[in-house]
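Engineer: Give me coordinates for this.
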Amino acid sequence: MMDEPFRSFAKAYIRYQHGMRPTISLTNRMTALRALEAALLETGPADVVRTNAHVLNRAAQLLAERLASSSAYVAANQLEMVAEFLCDNRLVAVPTKWVNPLQTPYDHRTRIGKSADERRAAKMPSRAALDALPKVFLMATDPIDVMVSSITAILCAAPDRISEILCLPGDCEIRQKSDRSDEDVYGLRWWPVKGAAPMVKWIIPSMASVVKAAVGKVRGLTDEAREIARWYEQNPTRLYLAPEMEYFRAKEWLSLEEMAAIVFAESVSPELPVRWCSKNGVLRERRGRRAYLRFADVEAAVLRQLPPGFPIADRTTGLTYGDALFVTQRNALHSSKPRFRCVIEPVRYNQIRHRLGAPSESGRYSIFERCGFYEPDGEPIRTNTHQFRHYLNTLAQAGGLSQLDIAKWSGRKDVRQNRYYDHETPDAVVARIRTAVGDDTRFFGPLATGQQATLITRDEFAQLKVPTAHSTDFGYCIHDYVMSPCEMHRDCLNCGEQVCVKGEAEKETRLRQAHAEASRLLTMAEQAEAEGEFGAREWANDHRAYHARITALLEVLDDPAVPHGAVIQLDIAEIPSRLENAKQARALLRSPTADGASLRPGKAT
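Structural biologist: Numbering: from 1, shown residues only. Sure, this is the predicted structure:
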């Protein structure tokens, strides 16, 4: 609990910000407020009016000490928003313009080396996991193994979040006639959890049969639970009884054996009904050697065990348990506990997580261990549901899928989020550029139009011409720094070793920003030239050449005939050397000026 009066401020701030800038998760905002309160308490009461630069710096220091670098940085950004809010609304004694002092966390996406490769690999499922999953899908027989392997099959077909899969409706499958062929196209109804509009996720043909089989296996495990859920939705105050047990409803007293037949779907030991009654507060009455209990007490105890919020399974979409795909009878996925006949529960993430190799207190085996699959070094295979989303996004990036299509396929509102799921290695980028060398449908520039008659293979030629590549603001640089340093001093858009890949939205945005800046500077230079300002003509000519170069590049990027993923290289700009510059300057000394006079060598600048 926060101390007053800071607690009242925190409540008002959270409510205000949720109205002005709503967010799904309040964690970062709450973390920033807790750090600010802790910093205030170190020097006095938790009064927000006392906030100053010293308090804010201390709060940022606390965040850095207690959180990981990436989490601390994000929380400190929220702290900066709090400081700005206090200053703008005059809620502090001393107005302070404070900025986040924490450094931007390490970004493995733009780094190379062993550690960066290891971070990228940790975001993706291992090769052993990808090889084992299809075999596990075919081998699984236990309900929990069938459920987990079916979910992973869906995750391998489309970049999904596990929470989205667990909220699928029972009628999620869509089949339509294809416009291009006589075959049906197959997809799933989808509700993205992070703000994107409801959609149909179409499954690629090579995975359609797998997803159909996976959904069919899940239905086989959950059909009975859905029927029970629908019955409770229509009879919310009555106990569900199997059709052959409806006669129990007319009885006031039940024996323990009769109660066990109603509650459990399997035969159980005599001790279990006794423990169930004790745990759920069902009173027993002894009659000789046998115990009896009221039907009404059993009914009330069972109704209390229905999931919280029943019949609504997902408040965001309004999905009910009767329509949910992932709903089971209690303990139906448990290997050692008896299955309940009349109690249902949703399939939970932890049930999936532990079976994919996450450590658990119970020490249960993963689906890989149960089927005899391990890493090449003998270690257990461990993966998680989100790794498949990273994996499919990286495959899409490497395959040249447009950023807009990747965002739609992944259920994102913001295309910029794609970059956090792109783990393509520098070697893969080099290989992609090398593959495009010499192919005039995929490469545009000198390497595509140059002579192709050679005594070596295309692969060998590509390796000679593209020895390496690294990311730049506008594309990729293929300069070999082993041979020489950068001779263009990072003037990438005038360099012939700069290549751009169509479809990379972030880099294209920077190109358009550079074009807008070049247009503005050209307009200023031409105005100065028109006004006769000394030296303006040379600047205008330079800006015209630079502006024309970016315009030509954007025309290629905007050309619909150029496919996504195409590699584009500009011609080398005609930039004179120092010797050429000296020669031109010498010629200017001997040429007459505009007023007919000549410049003396001593006046040259």
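
Engineer: For residue 56, see how far away residue 99 is.
Structural biologist: 9 Å (C-beta to C-beta, to the nearest Å). Backbone N, C-alpha and C define where each C-beta goes, glycine included.

Engineer: Looking at these two, which one has more neighbours?
Structural biologist: residue 56 (24 against 11; other C-beta atoms under 10 Å).

Engineer: Regarding the more buried one, what is its secondary structure?
Structural biologist: helix (DSSP: H, G, I helix; E, B strand; the rest coil).

Engineer: Pull the contacting residues for it.
Structural biologist: Contact analysis of residue 56 by C-beta atoms under 8 Å, 6 or more residues apart in numbering lists 36, 39, 79, 83, 96, 98.

Engineer: Closest one to residue 152 out of those residues, please.
Structural biologist: Using C-beta to C-beta, residue 79 comes nearest to residue 152 of those, at 39.2 Å.

Engineer: Surely the closest one is in a helix?
Structural biologist: Yes - the assignment for residue 79 is a helix, going by three-state DSSP.

Engineer: ok, so of the contacts of residue 56, who is nearest residue 357?
Structural biologist: residue 79 (36.6 Å).

Engineer: Just to check, that closest one is in contact with residue 35?
Structural biologist: Yes - using C-beta atoms under 8 Å, residue 79 is in contact with residue 35, at 6.5 Å.

Engineer: quick one: least confident of the contacts of residue 56?
Structural biologist: Lowest-confidence member of the contacts of residue 56: residue 96, scoring 83 (pLDDT).

Engineer: Just give the number of residues close to that residue.
Structural biologist: Residue 96: 16 neighbours (other C-beta under 10 Å).

Engineer: Quick check: phi and psi at it.
Structural biologist: With angles defined as degrees, to the nearest 10, residue 96 sits at phi -130, psi 130.

Engineer: surely it meets residue 88?
Structural biologist: No - between residue 96 and residue 88 there is no contact under C-beta under 8 Å: 11.4 Å.

Engineer: Show me the strands in the stretch 351-500 of the chain, by range?
Structural biologist: 443-444, 470-471, 476-477, 498-501 (DSSP state E, counting those that start in this stretch).

Engineer: hmm, back to that, shared neighbours, residue 79 and residue 35?
Structural biologist: Counting by C-beta under 8 Å, 6+ apart, the residues touching both residue 79 and residue 35 are 59, 60, 63.

Engineer: what number of residues lie near residue 359?
Structural biologist: Neighbours of residue 359 (other C-beta under 10 Å): 9.

Engineer: How much space separates it from residue 246?
Structural biologist: Residue 359 is 46 Å from residue 246, by C-beta to C-beta.

Engineer: Ramachandran angles for the residue nearest to residue 351 when sequence neighbours are not counted?
Structural biologist: In space, and not counting its chain neighbours, residue 351 is closest to residue 333: 6.1 Å by C-beta to C-beta, 6 or more residues apart in numbering. Main-chain dihedrals, residue 333, degrees, to the nearest 10: phi -100, psi 10.

Engineer: Would you confirm that residue 31 belongs to a strand?
Structural biologist: No - secondary structure assignment places residue 31 outside any strand; it is helix (three-state DSSP).

Engineer: Tell me what residue 319 is bridged to.
Structural biologist: residue 314 (DSSP bridges).

Engineer: I'd guessed the residue nearest to residue 351 sits against residue 346; true?
Structural biologist: No - look at residue 333 against residue 346 with C-beta under 8 Å: they stay out of range, at 11.1 Å.

Engineer: Compare these two and say which is more crowded by neighbours.
Structural biologist: residue 333 (23 against 17).

Engineer: can you pull the contacts of that one?
Structural biologist: 143, 144, 147, 221, 347, 351.

Engineer: now do residue 23
Structural biologist: Residue 23 touches residue 29, counting by C-beta under 8 Å, 6+ apart.

Engineer: cool, and residue 194?
Structural biologist: Taking C-beta under 8 Å, 6+ apart, one finds 24, 161, 411, 412, 413 in contact with residue 194.

Engineer: 10 Å instead, please
Structural biologist: Residues near residue 194 by C-beta atoms under 10 Å, 6 or more residues apart in numbering: 24, 25, 161, 163, 164, 410, 411, 412, 413, 414, 417.

Engineer: how many other residues sit next to residue 317?
Structural biologist: Neighbourhood size, residue 317 [other C-beta under 10 Å]: 14.

Engineer: Look up how far residue 552 lies from the spatially most central residue of the chain.
Structural biologist: For the chain, the residue sitting closest to the mean C-alpha position, by C-alpha atoms, centre = their mean, is residue 421 at 5.8 Å. Residue 421 sits 32 Å away from residue 552, going by C-beta to C-beta.

Engineer: residue boundaries of the strands in the stretch 501-605 of the chain?
Structural biologist: For the stretch 501-605 of the chain, the strands defined by DSSP E, counting those that start in this stretch cover 567-569.

Engineer: Distance-wise, check residue 332 relative to residue 372.
Structural biologist: Residue 332 is 25 Å from residue 372, by C-beta to C-beta.

Engineer: neighbour count winner among the two?
Structural biologist: Taking neighbours as other C-beta under 10 Å, residue 332 and residue 372 compare with residue 332 leading, 22 against 10.

Engineer: Got the domain ranges for the chain?
Structural biologist: Residue ranges for the domains of the chain, per automatic domain parsing: 6-106, 131-233+311-374, 239-304.

Engineer: Out of those domains, the one nearest residue 503 is which?
Structural biologist: domain 131-233+311-374 (16.9 Å).

Engineer: This completes my enquiry, with thanks.
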